[in-house]
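Asks: how would this look folded up:
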Amino acid sequence: MQGQVVINKLSKTYHTKHRKGLFKSEEKLVEALKGISLEIQSGEIFGLLGPNGAGKTTLIKCLTTLLLPTSGEAFINGYRLTKDDNAIRASTGCMLMGERGLYWKLTGRENLVFFGALYHLSSKDRVTRANQIIERLNLGEIADRAVESYSSGQRMKLAFAKALINDAPLLILDEPTNTLDVPSARELRAIVRELNADGKTVIYTTHIMSEAETLCNRVAIVDRGEVLALGTVDELKASMGKEEVIRIEGVISSKAASAVESLVGVKRSASADVNGHQQLTVVVDDQRVLLPRLIESLTAHHAVIQKITPEEMTLEDVFIARTGRTLAEDTRVK
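Replies: Numbering: from 1, shown residues only. Next comes the predicted model:
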């Protein structure tokens with residue numbers, strides 16, 4: 001059965017100018033998408049997982065007709081990208097990360113009614129639909145305030161509300177919990193599950209592991225414009241075989257980290273800054289065998305170990321094992 005979203009070798013290349021000296025500049029070619037192919041079935045919550053700069057938002061902008069792909073093709077809700085763009089927009093609800101598409105001088109309710117008009121809802125239907133969404137998202141306290149008075153989290157909730165106004169069968173949500181506090185993020189994820197249970201297909205981009213692991217039916221791990229892995233969470237973890245993970249926090253120099261990676265039995269390691277401390281994630285063949293050697297190697301290179309934890313494999317560990325980097329690393333081209 002053909003999927004609700006079918007992407008075939010979709011590419012996007014940017015030509016940018018890079019300043020070289022005071023008066024000279026040179027053209028730089030940036031491949032944001034490198035022939036991505038995916039198929040998303042009706043009724044799925046499909047996760048696009050990857051660090052900043054991976055190409056997730058570029059892919060979303062292509063699928064929602066905001067960007068013209070350089071090559072390849074895609075079909076969304078049965079409509080062909082670049083040929084049936086009006087039909088694609090009419091049948092898709094979209095929330096972009098950091099969206100500035102709200103009118104700040106209007107109230108939240110006025111924004112929703114306005115965007116309902118853009119989708120050609122009748123005057124009565126757009127008001128009814130706006131009221132339903134405001135109630136469902138618990139926006140009643142702020143709905144009649146100007147958006148310019150909203151906090152960043154409240155604006156994100158209204159941007160999510162805007163994505164629901166046309167009651168589309170496909171929702172595309174780009175980092176929807178960004179800037180939300182923990183209770184609001186939990187509430188939004190619960191609503192996404194409810195919408196999916198009501199029959200909506202959801203494409204959900206995130207760099208937060210727990211979201212992808214608990215919310216998505218299938219996940220594509222994207223990095224530097226390519227799909228590195230695709231499958232259910234369990235399938236992706238199982239793809240690592242019997243590999244295990246040890247996480248170490250403390251003061252760890254690059255020399256100490258390099259010494260750890262050279263140990264026999266260490267498959268891959270990656271460093272990240274976590275709350276002002278260095279975190280070293282090490283993918284190993286056998287935790288029991290490697291743990292004493294890890295501690296010995298780190299202390300020999302003057303590392304200060306504050307916490308060391310053997311853990312089960314996560315999606316981030318799958319990413320580390322395939323790239324040698326963490327999802328916290330920003331891979332955007334400067």
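Asks: Let me see the ranges of the strands in the stretch 51-200 of the chain.
Replies: Ranges of strands in the stretch 51-200 of the chain, per DSSP state E, counting those that start in this stretch, are 71-76, 79-80, 92-95, 170-174.
Asks: With Leu188 as the reference, measure out to the residue nearest the centre of the chain.
Replies: In the chain, the centroid-proximal residue (CA atoms, centre = their mean) is Thr206; its distance is 2.2 Å. As judged by CB to CB, to the nearest Å, Thr206 and Leu188 stand 12 Å apart. Every residue, glycine included, has its C-beta placed from N, CA and C.
Asks: any shared contact partners between those two?
Replies: Both Thr206 and Leu188 are contacted by Thr177, under the criterion CB atoms under 8 Å, 6 or more residues apart in numbering.
Asks: Between the strands of the stretch 51-200 of the chain, which one is closest to Pro51.
Replies: With CB to CB, the closest approach to Pro51 among those belongs to strand 170-174: 14.1 Å.
Asks: The closest one vs strand 71-76, what angle?
Replies: Counting by axes from the mean of the first three to the mean of the last three CA atoms, to 10 degrees, strand 170-174 lies at 120 degrees to strand 71-76.
Asks: Please point out which parts of stretch 254-269 sit buried.
Replies: The neighbour-count check on stretch 254-269 (16 or more other CB atoms under 10 Å) flags 256-257, 259-261, 266-269 as buried.
Asks: Report the backbone C-alpha coordinates of it in CSV.
Replies: Provided in CSV are the C-alpha atoms of stretch 254-269 (Å, rounded to 0.1, in the frame of the first residue of the first chain):
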residue,chain,number,x,y,z
SER,A,254,40.1,15.6,25.2
LYS,A,255,43.3,13.6,25.8
ALA,A,256,41.5,11.4,28.4
ALA,A,257,38.5,11.0,26.0
SER,A,258,40.8,9.9,23.2
ALA,A,259,42.6,7.4,25.4
VAL,A,260,39.2,5.8,26.3
GLU,A,261,38.2,5.5,22.6
SER,A,262,41.5,3.7,21.9
LEU,A,263,40.7,0.9,24.4
VAL,A,264,40.0,-2.5,22.9
GLY,A,265,36.3,-3.2,23.2
VAL,A,266,35.2,0.4,22.8
LYS,A,267,33.1,0.8,19.7
ARG,A,268,32.6,4.6,19.7
SER,A,269,32.5,7.5,22.1
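Asks: Let me see the mean pLDDT of it.
Replies: When pLDDT is averaged over stretch 254-269, the result is 89.
Asks: contact partners of it?
Replies: 243, 271, 280-286, 289-290, 293-294, 297-298, 300-303, 320-321, 324.
Asks: and Ser258, what element?
Replies: helix 254-261 (DSSP states H and E).
Asks: rewinding a little: now, the contacts of stretch 254-269 that are in strands?
Replies: Using DSSP state E, the subset of the contacts of stretch 254-269 located in strands is 271, 280-284.
Asks: Need those residues in CSV (columns: neighbour count and distance to Ile40).
Replies: Formatted as CSV, the ones in strands among the contacts of stretch 254-269 follow (neighbours: other CB atoms under 10 Å; distance: CB to CB, whole Å):
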residue, neighbour count, distance to Ile40
Ser271, 22, 34
Leu280, 23, 35
Thr281, 20, 30
Val282, 27, 34
Val283, 21, 29
Val284, 23, 34
